[in-house]
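> sequence first, then the predicted structure:
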Amino acid sequence: MKKREIGNSGIYVSELGLGCMSFPDDLEEVKSIVDMAIHAGINFFDTADLYAAGKNESLLGEALKGRRDDIILATKVGNRMIPGEEGWRWDASKAYIMEEVKDSLRRLGTDYIDLYQLHGGTMEDDATETIEAFEALKKEGVIRQYGISSIRPNVIERFLTNSSAVSVMMQYSLLDRRPEEWFPMIREAGASVITRGTLAKGLLTDEAPSRVSKMDGFVAYDAEDLKRTVGELHETANDLHALALAFNLKENVVASALIGASSKDQLLDSILAYEKKAEQSEIASIAQLTEVHQYEQHRL
């Protein structure tokens with residue numbers, strides 16, 4: 001599997017990364033998924049302290065034992081869970097980040113994180129304090145690089161302008177092309193995009209007919225437009241799954257396209273789709289069937 005550099009970080013990740021949020025709650029199953037990913041050449045694994053209240057990090061850490069030097073490990077911080085309370089609170093303070101990273105390291109079973117990401121962000125945050133935390137952790141060697149996971153252009157722009165962040169994680173796919181407007185800004189900052197939602201909740205796979213029938217809409221598509229668009233995509237594409245991955249990876253600002261997998265079968269489907277080479281003409285044709293929407297809020 002080909003690799004790309006995240007920004008100018010010196011960190012090279014596989015073009016497909018494994019988003020771990022949808023892991024099953026069973027260590028042996030997780031190990032089998034991770035084993036298959038590594039065997040296929042995937043070296044980039046992304047989780048977050050929020051997923052399953054930390055258990056996702058623990059499962060991933062166990063599955064990666066003995067192979068830490070062979071992989072690139074990413075996690076996130078900012079959503080603070082309070083014991084005895086439901087849900088979580090947003091906390092981008094330096095004190096919280098400096099403390100929470102210790103728990104992530106413990107759960108992951110490692111002494112460093114390759115890519116530590118702010119899991120959100122608002123314009124009300126003290127961005128200077130947040131960036132100070134990441135820079136301090138980088139100086140200490142606790143993290144190698146840092147980035148942000150956000151779909152708010154104003155938050156992203158401020159974070160990139162005032163820091164040495166190397167990545168922006170954004171929901172991006174054939175059915176959610178809102179980030180395209182901001183790719184030049186991210187590229188100019190010397191950072192890369194990591195895409196999540198690459199397969200649009202399964203709408204860009206063979207499961208689309210059953211999934212789209214249960215959805216009231218997606219991003220800026222209403223239910224009717226979504227069904228029509230998804231139908232046209234499936235009628236036109238020889239292998240929509242393969243084209244969906246190729247569509248994201250045609251952008252040189254994209255370092256890795258994350259795929260989720262709750263089973264080995266799901267992961268295998270994406271690996272096989274990635275290995276099918278799509279022609280640029282096919283990608284261009286399929287892209288003409290979808291709308292290029294824009295973010296309505298949090299604009300610069």
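All right, it came through fine.
> all strands for the stretch 51-200 of the chain, in order.
72-77, 79-80, 89-90, 113-118, 143-149, 167-171, 192-196 (DSSP state E, counting those that start in this stretch).
> mind giving me the packing neighbours of the longest one?
To tie it back to what came earlier, the one meant is strand 143-149. On a contact count with 3 or more Cβ pairs under 8 Å, 6 or more residues apart in numbering; DSSP states H and E, strand 143-149 meets strand 113-118, helix 127-140, helix 153-161, strand 167-171. Glycine gets a C-beta too; all of them are placed from N, C-alpha and C.
> now distance to Phe247, mean pLDDT and mean neighbour count too, for those, in JSON lines please.
Output for these, formatted as JSON lines (distance: least, Cβ to Cβ, whole Å; pLDDT from 0 to 100; neighbours: other Cβ atoms under 10 Å):
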{"stretch": "strand 113-118", "distance to Phe247": "23", "mean pLDDT": "98", "mean neighbour count": "25"}
{"stretch": "helix 127-140", "distance to Phe247": "31", "mean pLDDT": "98", "mean neighbour count": "17"}
{"stretch": "helix 153-161", "distance to Phe247": "21", "mean pLDDT": "98", "mean neighbour count": "20"}
{"stretch": "strand 167-171", "distance to Phe247": "14", "mean pLDDT": "98", "mean neighbour count": "25"}
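> format the ones you listed as a markdown table; extra columns: distance to Ser93.
Listed next are these as a markdown table, based on distance: least, Cβ to Cβ, whole Å:
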| stretch | distance to Ser93 |
| --- | --- |
| strand 113-118 | 11 |
| helix 127-140 | 6 |
| helix 153-161 | 15 |
| strand 167-171 | 21 |
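> the helix or strand of the chain with the lowest mean pLDDT pairs with which strands, parallel or anti?
Between all helices and strands in the chain, the lowest mean by mean pLDDT, DSSP states H and E belongs to strand 79-80, at a mean of 85. According to DSSP bridges, strand 79-80 has the following sheet partners: strand 89-90 (antiparallel).
> nearest residue to the most centrally placed residue in the chain in space, please, no chain neighbours.
Closest residue to the average C-alpha location of the chain: Arg196 at 3.6 Å, with Cα atoms, centre = their mean. Residue nearest to Arg196 in three dimensions, not counting chain neighbours: Leu258, with 5.0 Å by Cβ to Cβ, 6 or more residues apart in numbering.
> just say helix, strand or coil for that neighbour.
Under DSSP: H, G, I helix; E, B strand; the rest coil, the three-state class of Leu258 is strand.
> tell me the pLDDT of it.
Confidence at Leu258, expressed as pLDDT, is 98.
> that one reaches Ser14, doesn't it?
No. Leu258 is beyond contact range of Ser14, at 10.5 Å (criterion: Cβ atoms under 8 Å).
> for Ala242, see how far away Lys264 is.
For Lys264, the distance to Ala242 (Cβ to Cβ, to the nearest Å) stands at 19 Å.
> neighbour count: those two, which is higher?
The residue with more neighbours, out of Lys264 and Ala242, is Ala242; 21 against 14, by other Cβ atoms under 10 Å.
> and the one helix or strand that one maps to with strand 192-196, angle?
Under the criterion of DSSP states H and E, Ala242 resides in helix 240-249. Helix 240-249 and strand 192-196 are oriented at 160 degrees to each other (axes from the mean of the first three to the mean of the last three Cα atoms, to 10 degrees).
> now do helix 240-249: which elements does it pack against?
With contacts defined as 3+ Cβ pairs under 8 Å, 6+ apart, helix 240-249 has these neighbours: strand 254-260, helix 264-275, helix 280-287.
> in contact with the closest residue to Thr198 other than its chain neighbours, which residues?
Nearest residue to Thr198, sequence neighbours excluded (Cβ to Cβ, 6+ apart): Ala257, at 4.6 Å. For Ala257, the contacting residues are 15-17, 194-195, 198, 245, 248-249, by Cβ atoms under 8 Å, 6 or more residues apart in numbering.
> also Pro83?
So Pro83 contacts nothing (Cβ under 8 Å, 6+ apart).
> Asp222 is nearest to which of the helices and strands packed on helix 240-249?
Smallest distance to Asp222 across the helices and strands packed on helix 240-249 (Cβ to Cβ): 20.6 Å, for helix 280-287.
> and the angle from that closest one to helix 240-249?
100 degrees.
> mind giving me the packing neighbours of helix 280-287?
Going by 3+ Cβ pairs under 8 Å, 6+ apart, helix 280-287 lies up against helix 223-236, helix 240-249.
> these: which one's closest to Ser9?
Ser9 lies closest, by Cβ to Cβ, to one member of those: helix 240-249, at 18.5 Å.
> any idea of the mean pLDDT in the closest one?
For helix 240-249, the per-residue pLDDT averages 97.
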